[in-house]
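[1] A structural model of the following input is requested.
(one chain, ligands or ions: 1)
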Amino acid sequence: MQLAKLECALCGGQIDALGDFFRASGDFLPAKDPLVPYCNVPLHWSCYTRWSERPRFAGLYVRAWIDANRKNPFWWGVHRDERVYVSVNPEQPVEEVSVRLCTVGSDIRVPLAKWSAWLADCDQVTPGLHPVEREALSQVLPALRARFPDDHAVVHAIDPDEKRRARPAAARGRATDSGPTAHTP
Ligand SMILES: [Zn+2]
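    Numbering: from 1, shown residues only. The predicted model follows:
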């Protein structure tokens, strides 16, 4: 098997196919968006980190995941604010929490059973975090610790009606739409 040679769409430099790079998969941008060429292609983490369009690109990518998860029977959105989107799949064999930072977009997977340990020391539970992830995490961890001190709190935040509340596409883009937790009293 021959591996295709990969090039970073931001710098044109070579990327090791087995190495560590960022890729936002899916057609999550409007067809005429100038950032379309950066979807579905590999980007060096260092290039992606420095990229001035990263916050907008990542924000739209995370929004697409929020929409996709509303239709996914396995993943439940439990928290969303302007900085982070948290979803959970509590069923075996997955039993993981997914943390997506709105300015990064990567999928940080935390085993549900290690959620408390992760809140206390992310690097120990999810080694290999990139500096840009670590920096963004440092801004959201206080809120996550307060809201979800343990894995039970994460699972308890699942709204069983979430999948029944599919809203029209026109309503999803509103800034006031705070996602799956919008109806929590
Ligand atoms: Zn690059």
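[2] helix/strand/coil for the residue nearest the centre of the chain?
    The chain has residue 100 as the residue nearest its centroid, 2.3 Å off, counting by Cα atoms, centre = their mean. With DSSP: H, G, I helix; E, B strand; the rest coil as the basis, residue 100 sits in strand.
[3] ok, it touching residue 65?
    Yes: in this structure residue 100 lies within contact range of residue 65 using Cβ atoms under 8 Å: 6.1 Å. Where you see a C-beta, it was placed from the backbone N, CA and C, and this is true even at glycine.
[4] identify the contacts common to those two.
    Common contacts of residue 100 and residue 65, defined by Cβ atoms under 8 Å, 6 or more residues apart in numbering, comprise 85, 87.
[5] while we're on the residue nearest to the centre of the chain, how confident is the model there?
    Per-residue confidence (pLDDT) for residue 100: 98.
[6] now do the contacts for it.
    62, 65, 84, 85, 86, 87, 106, 107, 108 are the contacts of residue 100 under Cβ under 8 Å, 6+ apart.
[7] let's see that with 6 Å instead.
    Going by Cβ atoms under 6 Å, 6 or more residues apart in numbering, residue 100 touches 62, 85.
[8] partners of it in the sheet?
    Following DSSP bridges, residue 100 is listed with bridge partners residue 85, residue 107.
[9] give me the helices and strands touching whichever strand or helix holds residue 145, please.
    For residue 145, the host element (DSSP states H and E) is helix 131-147. Here helix 131-147 touches no other helix or strand, going by 3 or more Cβ pairs under 6 Å, 6 or more residues apart in numbering; DSSP states H and E.
[10] if we use 8 Å, what do you get?
    Packing partners of helix 131-147 (3 or more Cβ pairs under 8 Å, 6 or more residues apart in numbering; DSSP states H and E): helix 45-50, strand 84-89, strand 96-101, helix 115-120, helix 122-125.
[11] format the ones you listed as JSON lines; extra columns: distance to the ion.
    Shown next, in JSON lines, are the helices and strands packed on helix 131-147 (distance: least, Cβ to the ion, whole Å):
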{"stretch": "helix 45-50", "distance to the ion": "3"}
{"stretch": "strand 84-89", "distance to the ion": "26"}
{"stretch": "strand 96-101", "distance to the ion": "20"}
{"stretch": "helix 115-120", "distance to the ion": "29"}
{"stretch": "helix 122-125", "distance to the ion": "25"}
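[12] a markdown table for those, including distance to residue 152?
    Output for these, formatted as a markdown table (distance: least, Cβ to Cβ, whole Å):
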| stretch | distance to residue 152 |
| --- | --- |
| helix 45-50 | 34 |
| strand 84-89 | 11 |
| strand 96-101 | 12 |
| helix 115-120 | 9 |
| helix 122-125 | 17 |
